[in-house]
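Trainee: Here is my input, please return the structure:
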Amino acid sequence: MTGDQANTLGDKGEELAAGHLTEKGYRILKRNYSYQMGEIDIIAMDGDILVFIEVKTRSYADDGPPILAVNERKQRLLQKTAERFIVQNKLRRPRLRYDIVSIVMGHGAPSIELFKNAF
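Mentor: Got it, this is the predicted structure:
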């Protein structure tokens, strides 16, 4: 898979995830927030909880579910990037959570799973 194909797959996954989250009542604040080496795919509010969301999309789940790609290193990077977002936006001790949206495109309709409080 070329970089362009990966970006297209990832972009499609993020679009699907944003729609799915909106249907679940999340209010999207920002997409693709980046700071230094980290990026957060979606930042949203779920009620009064600030949620940092990682979206993982795969064509097929042959190598296991996409959520497995969010390893400890990736989690730490997401947490550092989230801390920067909080400081940059002068948020005072918000209630927060880290969710993962796992998407497998496969054949037919995509499979979308939301893992709340994933780490």
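Trainee: Just the element for the nearest residue to residue 66 once chain neighbours are set aside, please.
Mentor: Residue nearest to residue 66 in three dimensions, not counting chain neighbours: residue 56, with 3.5 Å by C-beta to C-beta, 6 or more residues apart in numbering. The C-beta positions use only the backbone N, C-alpha and C, and glycine is treated the same way. Residue 56 is part of strand 49-58 when elements are defined by DSSP states H and E.
Trainee: name the helices or strands packed onto that strand?
Mentor: Packing partners of strand 49-58 (3 or more C-beta pairs under 8 Å, 6 or more residues apart in numbering; DSSP states H and E): helix 3-23, strand 38-46, helix 72-88, strand 96-104.
Trainee: any idea how far the first one is from the chain center?
Mentor: In other words, helix 3-23. Distance of helix 3-23 from the chain centroid (C-alpha atoms, centre = their mean, to the nearest Å) equals 10 Å.
Trainee: mind listing what the helix or strand harbouring residue 28 pairs with, with the direction of each?
Mentor: Counting by DSSP H and E, the element that carries residue 28 is strand 27-35. Strand 27-35 sits in its sheet next to strand 38-46 (antiparallel), going by DSSP bridges.
Trainee: relative orientation of the partner strand and strand 49-58 in degrees?
Mentor: If you take axes from the mean of the first three to the mean of the last three C-alpha atoms, to 10 degrees, strand 38-46 sits at 130 degrees to strand 49-58.
Trainee: Give me the average confidence score over strand 38-46.
Mentor: Per-residue pLDDT values over strand 38-46 give a mean of 97.
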